[in-house]
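below are the sequence and a predicted model for it; my questions follow.
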Amino acid sequence: QVQLVESGGGLVQAGGSLRISCAASGTFSKYHMGWFRQAPGKEREFVAAVTWSGGTTYYVDSVKGRFTVSRDKRENTVYLQMNSLKPEDTAVYYCAATRRWPPGHSDDFSSWGQGTQVTVSS
């Protein structure tokens, strides 16, 4: 099992950048990692994922070219670098861990963090 804690959220203007982090404890190296987000009144949606090795990444179409997911195995941390932010990126962002690749659904993820709020003003 792995425990996850997100940080780094905040308020940013449209067009700006933000990097959020997910610190993991436990057997982090054995898990592929994903980022999800949930906006008010909307369902949680998948954003990005990275394999346990860090060698393969996957993104939802709406963030391709703007967001980058990476992991630092020495620091047991996963990052989501978000550039060219838009108001529609406003949401609570969650990191999650899975042993399945590629992950097909949020149910594939067994461990979740508590979330970090990202707000993009127009």
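Nice, I can see it.

which residues does the residue positioned nearest the centre of the chain contact?
Centroid-nearest residue in the chain: Trp35, 2.4 Å away (criterion: CA atoms, centre = their mean). Shown in contact with Trp35 (CB atoms under 8 Å, 6 or more residues apart in numbering): 20, 22, 46-49, 69, 78, 80, 93-96. In this view, the C-beta of every residue, glycine as well, is placed from N, C-alpha and C.

same thing but 7 Å
Trp35 makes contacts with Val47, Ala48, Val69, Leu80, Tyr93, Cys95, as judged by CB atoms under 7 Å, 6 or more residues apart in numbering.

Met82 reaches Ser17, doesn't it?
Yes. At 6.3 Å, Met82 and Ser17 qualify as touching, with contact defined as CB atoms under 7 Å.

so which of the two has more stuff around it?
Regarding Met82 and Ser17, a neighbour count based on other CB atoms under 10 Å identifies Met82 as having more, with 26 against 11.

distance of the more buried one relative to Ile20?
Note on Met82: its distance to Ile20, by CB to CB, to the nearest Å, is 7 Å.

same check on Tyr79?
From Tyr79 to Ile20 the distance is 7 Å (CB to CB).

and Val5, how many neighbours?
Neighbours of Val5 under the rule other CB under 10 Å: 14.

name the nearest residue to it, ignoring sequence neighbours.
Leaving aside its chain neighbours, Val5 sits nearest to Ala23 (4.9 Å; criterion: CB to CB, 6 or more residues apart in numbering).
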